[in-house]
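Trainee: give me coordinates for this.
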Amino acid sequence: MPDFKIERKILSRGYKNIAGLDEAGRGALFGPVVAGAVMFSSSFISAKTQGWVKEINDSKLLSPKKRKNVFRSIMIHACGVGYGFASNTEIEKDNIYWASLMSMKRAVKNLSVNPDFVLVDGFKLNDVDYHHEGIVKGDKKSYSIAAASIVAKVLRDEMIVQLSKIYQGYSLEKNKGYGTKEHYLALERFGPTSLHRKTFNLVNNKK
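Mentor: Numbers count the residues shown, from 1 in each chain. The predicted model follows:
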């Protein structure tokens, strides 16, 4: 389970504004990759952990209902929340790795409070002017990163549900753009839309 141990160590080094950063949708076949950035105040991090905070976890380990409930609490209690995305066009042009980095940089830029240290899930960024650290499986270790994963996941899911009303027949409201059996069958029947990632393998090889 995540906690604030990493953040508290960084606070002890003199940093004040620590943001967690993560993305959602990296492995999807449809739509953008979306990043979330979440910053809790130094006093919030240093205080005794509140009850609802203990529900923060890697977004993939939470039910949709629990994710939305925790998301609402994050939006109320965080001192800064930002998001950014990279479109399927940018993913196809630059590849998913670079597009993911782009979305995360945009999320940090959209924070209302400038961070002086950023904790990134998985890997370090490049060409940024703030201190940061990549944490392997960070969404399972840091509340800030896990909160960012929840923000990214909830925002992306809501975006895909809205797009499903336009791009019907692909069960996007259920699969959120990932490669389910229904999604692959729809791709065989209708072909890809303008928002599908055509550089990805859109054929089910597990038949």
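Trainee: quick check: phi and psi on residue 91?
Mentor: For residue 91, the backbone dihedrals (degrees, to the nearest 10) come out as phi -60, psi -40.
Trainee: quick check: it touching residue 33?
Mentor: Yes. Residue 91 is within contact range of residue 33, at 6.5 Å (criterion: C-beta atoms under 8 Å). No exception for glycine: its C-beta is placed from N, CA and C like everyone else's.
Trainee: identify the contacts common to these two.
Mentor: residue 99 (C-beta atoms under 8 Å, 6 or more residues apart in numbering).
Trainee: in the chain, spot the helix with the most residues.
Mentor: Looking across the chain with DSSP state H, the single longest helix is helix 143-164.
Trainee: for that one, give the mean pLDDT please.
Mentor: Mean per-residue pLDDT for helix 143-164: 98.
Trainee: elements contacting that helix?
Mentor: Under the contact criterion of 3 or more C-beta pairs under 8 Å, 6 or more residues apart in numbering; DSSP states H and E, helix 143-164 touches strand 18-24, strand 33-39, helix 64-77, strand 80-86, strand 117-121, helix 172-175.
Trainee: any chance of these in JSON lines, with mean pLDDT, mean neighbour count and distance to residue 186 too?
Mentor: Compiled in JSON lines, the helices and strands packed on helix 143-164 are given as follows (pLDDT from 0 to 100; neighbours: other C-beta atoms under 10 Å; distance: least, C-beta to C-beta, whole Å):
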{"stretch": "strand 18-24", "mean pLDDT": "97", "mean neighbour count": "30", "distance to residue 186": "22"}
{"stretch": "strand 33-39", "mean pLDDT": "98", "mean neighbour count": "31", "distance to residue 186": "21"}
{"stretch": "helix 64-77", "mean pLDDT": "97", "mean neighbour count": "15", "distance to residue 186": "22"}
{"stretch": "strand 80-86", "mean pLDDT": "97", "mean neighbour count": "22", "distance to residue 186": "23"}
{"stretch": "strand 117-121", "mean pLDDT": "97", "mean neighbour count": "25", "distance to residue 186": "31"}
{"stretch": "helix 172-175", "mean pLDDT": "97", "mean neighbour count": "18", "distance to residue 186": "9"}
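Trainee: nearest to residue 195, of these?
Mentor: Smallest distance to residue 195 across these (C-beta to C-beta): 9.4 Å, for helix 172-175.
Trainee: tell me which residue is most central in this protein.
Mentor: Residue closest to the average C-alpha location in the chain (C-alpha atoms, centre = their mean): residue 23, at 2.7 Å.
Trainee: list the contacts for that one?
Mentor: By C-beta under 8 Å, 6+ apart, the contact list for residue 23 reads 33-36, 100, 103-104, 121, 152.
Trainee: ok, these vs residue 203, which is closest?
Mentor: Among the contacts of residue 23, residue 33 lies closest to residue 203 (C-beta to C-beta), at 21.2 Å.
Trainee: excluding chain neighbours, give the residue nearest to that closest one in space.
Mentor: Nearest residue to residue 33, sequence neighbours excluded (C-beta to C-beta, 6 or more residues apart in numbering): residue 25, at 4.5 Å.
Trainee: still on that earlier bit, tell me which of the helices and strands packed on helix 143-164 sits nearest to residue 134.
Mentor: strand 117-121 (4.9 Å).
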